[in-house]
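Colleague: quick one: sequence and predicted model below, then my questions.
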Amino acid sequence: MINKSKIFKKLSNLMEYGLLRAAIFLAQPLPAVFLRRSAMWLFTLVQFRRKTAENNLKMVFPEMSQPESKRILKAMYKNMGLMAVESYLEKAEKVFEKLEFVGWEEVEKIRAKGKGVIIASGHLGNFEMSGRLMAHQAPLCVIVKKQSNPYFDRYTNTLRLKENCEPVQPGNALKPILRKLKQNGLVVVMVDQNARYQGYQLKFLGHTASTHISAAKIAIRTQTPVIIAGITRGENGYPLLKYSETIYTSEYENNLAGHIALMQRILDGFGKLVIASPEHWFWVHNRWKNPQLAKPLSESELYDS
């Protein structure tokens with residue numbers, strides 16, 4: 001029996017992917033300024049998942065005025081438009097010329113000691129191109145969820161691999177992570193993803209959210225330093241990746257309590273970057289959806305490990 005819903009989904013995915021490839025083809029002769037302004041206008045006009053973004057912003061900033069909320073969300077949609085152009089339509093080498101990483105010397109300081117680094121970041125600014133930029137400086141893998149559109153997913157991963165940025169899915173991440181750390185390389189972890197039933201109930205921006213703790217677990221077991229970094233935009237309008245802090249993991253016990261404590265510290269550190277630049281974070285994410293699916297933090301679980 002023909003599954004009509006699967007056929008419709010496949011056709012829909014193909015259509016979306018076809019539109020992307022058509023946009024890439026048509027964009028080639030167009031100036032970057034035109035593409036960037038057009039994308040900002042289009043994303044501001046469409047404003048997908050607007051209700052989710054509004055609810056998330058109101059939850060985190062309950063005292064925020066409506067005009068300020070509108071300003072932040074408008075800036076967020078503009079940033080999403082710029083990210084789409086930089087990641088798919090502009091020539092990568094031109095974008096890399098204008099990208100910056102303030103604080104890269106902190107990464108090199110650790111690598112010079114013969115150690116790899118775990119970069120804890122999230123959906124702040126153009127995280128896509130910033131990861132690819134770092135892959136030009138050191139061996140790198142990034143832990144990413146598979147996109148719902150398999151054609152988008154394959155194409156995006158092809159672009160990542162072209163820039164030596166190795167994408168790894170969460171369920172198959174351990175071996176690639178350990179390999180990169182042995183190479184004194186970088187492992188980029190997006191700490192603001194909803195882990196659903198695979199996570200623990202931790203606090204992000206003051207509210208309970210299901211969170212993966214595997215990054216903290218690996219960091220402690222391998223004694224790998226964790227660098228928290230976030231992406232905004234520089235004066236030239238292009239992504240600016242900024243170092244925030246380094247966490248040395250030797251002070252944490254290699255048990256559940258230690259893993260939870262480190263992961264919560266990482267979340268708090270990244271949360272400060274979101275609070276400082278809320279217009280750059282993706283409020284459209286269902287970050288706090290169904291936190292009850294995650295494992296609760298009972299005292300017995302923490303201290304009997």
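Modeller: Cool, the structure landed.
Colleague: just the CA trace of whichever strand or helix holds residue 227, in PDB.
Modeller: Using DSSP states H and E, the element containing residue 227 is strand 226-233. Listed next in PDB are the C-alpha coordinates belonging to strand 226-233 (Å, rounded to 0.1, in the frame of the first residue of the first chain):
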ATOM      1  CA  VAL A 226      36.200  23.600  27.900                       C
ATOM      2  CA  ILE A 227      36.100  27.000  26.200                       C
ATOM      3  CA  ILE A 228      32.800  28.900  26.100                       C
ATOM      4  CA  ALA A 229      32.400  31.000  23.100                       C
ATOM      5  CA  GLY A 230      29.500  32.900  21.400                       C
ATOM      6  CA  ILE A 231      28.900  34.600  18.000                       C
ATOM      7  CA  THR A 232      27.600  38.100  17.400                       C
ATOM      8  CA  ARG A 233      28.400  40.500  14.600                       C
END
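Colleague: give me the residues contacting it.
Modeller: Residues lying outside strand 226-233 but in contact with it, judged by CB atoms under 8 Å, 6 or more residues apart in numbering, are 79, 82, 101, 103, 106-107, 110, 117-122, 124-127, 130, 215-216, 219, 239-247, 249, 262, 266, 269-270, 273-274, 277, 280. (Glycine included, C-beta is placed from N, CA and C.)
Colleague: show me just the buried residues among those residues.
Modeller: Buried subset of those (neighbour count, 16 or more other CB atoms under 10 Å): 79, 82, 101, 106-107, 110, 117-122, 124-127, 130, 215-216, 219, 239-245, 247, 249, 262, 266, 269-270, 273-274, 277, 280.
Colleague: least confident secondary structure element in the chain?
Modeller: None of the helices or strands of the chain scores lower by mean pLDDT, DSSP states H and E than helix 299-303, at a mean of 47.
Colleague: from residue 46, how far out is residue 168?
Modeller: For residue 168, the distance to residue 46 under the criterion CB to CB, to the nearest Å works out to 31 Å.
Colleague: those two: which is more packed in?
Modeller: Summary of the neighbour comparison: residue 168 and residue 46, criterion other CB atoms under 10 Å, with residue 168 having more neighbours (18 against 11).
Colleague: report the contact partners of that one.
Modeller: 141, 142, 143, 144, 176, 177.
Colleague: any low-confidence regions in this structure?
Modeller: Judged against pLDDT under 70, the low-scoring parts of the chain cover residues 1-4, 299-305.
Colleague: on that earlier part again, pick the one among the contacts of residue 168 closest to residue 185.
Modeller: Taking CB to CB as the measure, residue 141 is the one of the contacts of residue 168 closest to residue 185, at 7.4 Å.
Colleague: that closest one contacts residue 187, correct?
Modeller: Yes - using CB atoms under 8 Å, residue 141 is in contact with residue 187, at 5.8 Å.
Colleague: tell me, what's touching the two both at once?
Modeller: Shared contacts of residue 141 and residue 187, defined by CB under 8 Å, 6+ apart, are found at 177, 180.
Colleague: just to be sure, which of the buried ones among the contacts of strand 226-233 are found in strands?
Modeller: Judged by DSSP state E, the buried ones among the contacts of strand 226-233 include 101, 117-121, 239-245, 247 as members of strands.
Colleague: same list, the residues you listed, but as a markdown table with distance to residue 37 please.
Modeller: As requested, those are exported to a markdown table (distance: CB to CB, whole Å):
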| residue | distance to residue 37 |
| --- | --- |
| 101 | 26 |
| 117 | 36 |
| 118 | 37 |
| 119 | 31 |
| 120 | 33 |
| 121 | 27 |
| 239 | 17 |
| 240 | 20 |
| 241 | 23 |
| 242 | 25 |
| 243 | 30 |
| 244 | 31 |
| 245 | 35 |
| 247 | 40 |
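Colleague: of those, which is the nearest to residue 95?
Modeller: For those, the closest approach to residue 95 (CB to CB) belongs to residue 239, at 8.0 Å.
Colleague: element containing residue 21, please.
Modeller: In this assignment (DSSP H and E), residue 21 forms part of helix 4-27.
Colleague: pull out the buried positions in that helix.
Modeller: For helix 4-27, by 16+ other CB under 10 Å, it's 13, 17, 20, 27.
Colleague: the last one reaches residue 35, doesn't it?
Modeller: Yes - here residue 27 lies in contact with residue 35, judged by CB under 8 Å, at a distance of 5.7 Å.
Colleague: which neighbours do those two share?
Modeller: Between them, residue 27 and residue 35 have residue 89 as joint contacts when contacts are counted by CB under 8 Å, 6+ apart.
Colleague: contacting residues around the closest residue to residue 107 other than its chain neighbours?
Modeller: Counting by CB to CB, 6 or more residues apart in numbering, residue 107 lies nearest to residue 117, which is 5.6 Å off, once chain neighbours are set aside. Remark: with contacts taken as CB under 8 Å, 6+ apart, residue 117 is in contact with 107, 110, 111, 185, 186, 187, 224, 225, 226, 227.
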